[in-house]
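> give me coordinates for this.
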Amino acid sequence: MKKHSFNFRNACLFFIALICFTACKEEKKEKTEQLTAVVQESQNKMQQENIYQFKVEDLYGEEFDFSQLKGKKIMVVNTASECGLTPQYENLQELYETFKDDNFVIVGFPANNFGGQEPGSNKEIAAFCKENYGVTFPMMAKISVKGDDIHPVYQFLTQESKNGFQDSEVEWNFQKYLIDEQGYLVDVISPRTLPIDEKIISWIKG
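Below you'll find the predicted structure:
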């Protein structure tokens, strides 16, 4: 009887030791995975580019340096003058007027990538925006936002290897890219989502 008790006790001790060993092993594995994730996230941030590296030309032929926007939230949007979504210019201007004094700015990039809906010259685009919608937010010279001749700014916006956030493709005119106060891409908004959508306003206020 004593021998059986001894064997039972040993078996219990062995079983408890095995549970402890397995638990410790799992805990060590979990900590290793957490450490690996932290290191990976750190590496991604080190590789992540921001929008401040870019200097572009505006509609009037002047240099526009994105580094001057440090500390501001930025909406980058590709625009067109002959699109069904062109009335969004009015919403964009409304949004800009409302929040321009709250460290927020909109930067427009006219593009003729969709249905030939931005055929005009930079001078013609500038006149159209001012005369029809009273646009006062910064508008850049016409560029390409997709394809083989995609502009470097849009390479950054659409390629995860550059922006560290996600891959995307510009679907149509008036797609919105949201950039935080540190110059990093944080969201991509559908062309059909109005600039005054609550999601965008909440992000600006947040």
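
> okay, CA-based contacts and neighbour counts for the rest of this
OK.

> where do the helices sit along this protein?
In the chain, the helices defined using DSSP state H lie at 2-47, 88-99, 122-133, 152-158, 160-163, 198-205.

> out of these, deepest packed?
When you average the neighbours per residue for each of the helices of the chain (mean count of other CA atoms under 10 Å), helix 152-158 leads with a mean of 21.

> and that helix, how far out from the chain middle?
10 Å (CA atoms, centre = their mean, to the nearest Å).

> what's it in contact with?
49, 51, 54, 145-146, 162-163, 166-170, 177, 185 (CA atoms under 8 Å, 6 or more residues apart in numbering).

> nearest to Thr22, of those?
Gln166 (37.8 Å; CA to CA).

> leaving out chain neighbours, which residue sits closest to the closest one?
Spatial nearest neighbour of Gln166, excluding adjacent residues (CA to CA, 6 or more residues apart in numbering): Glu160 at 4.4 Å.

> who is the residue nearest the centre of the chain paired with across the strands?
Centroid-nearest residue in the chain, with CA atoms, centre = their mean: Leu185, separated by 2.7 Å. According to DSSP bridges, the residues that bridge with Leu185 are Ile179.

> and stretch 56-70, C-alpha only, in CSV?
Output of stretch 56-70 as CSV, limited to C-alpha atoms (Å, rounded to 0.1, in the frame of the first residue of the first chain):
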residue,chain,number,x,y,z
VAL,A,56,6.1,69.4,-56.2
GLU,A,57,4.9,72.2,-58.5
ASP,A,58,1.6,73.9,-57.9
LEU,A,59,-0.9,75.1,-60.5
TYR,A,60,0.9,78.4,-60.9
GLY,A,61,4.3,77.0,-61.5
GLU,A,62,5.6,77.6,-58.0
GLU,A,63,7.4,75.0,-55.8
PHE,A,64,5.3,73.5,-53.1
ASP,A,65,7.3,71.8,-50.3
PHE,A,66,5.3,69.3,-48.2
SER,A,67,7.7,69.8,-45.3
GLN,A,68,6.0,73.1,-44.7
LEU,A,69,2.9,71.2,-43.6
LYS,A,70,4.6,69.4,-40.6
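
> adjust the sequence numbering to begin at 50 for everything that follows.
With the count now opening at 50, the last piece we talked about shows up as stretch 105-119.

> now it: buried residues?
Asp107, Leu108, Phe113, Phe115, Leu118 (16 or more other CA atoms under 10 Å).

> ok, so of these, who is nearest Asn181?
Leu108 (16.1 Å).

> quick one, phi/psi of that closest one?
Per-residue torsions, Leu108: phi -60, psi -20 (degrees, to the nearest 10).

> which residues does Ala129 contact?
Thr135, Pro159, Ala160, Asn161, Gln166, Glu167, Asn222, Phe223.

> how about a cut-off of 6 Å?
Contact partners of Ala129, counting by CA atoms under 6 Å, 6 or more residues apart in numbering, are Pro159, Gln166, Glu167.

> let me see the confidence value for it.
We have a pLDDT of 98 for Ala129.

> which residue packs closest to it, ignoring adjacent ones?
Distances taken as CA to CA, 6+ apart put Glu167 closest to Ala129, at 4.8 Å, once the chain neighbours are dropped.
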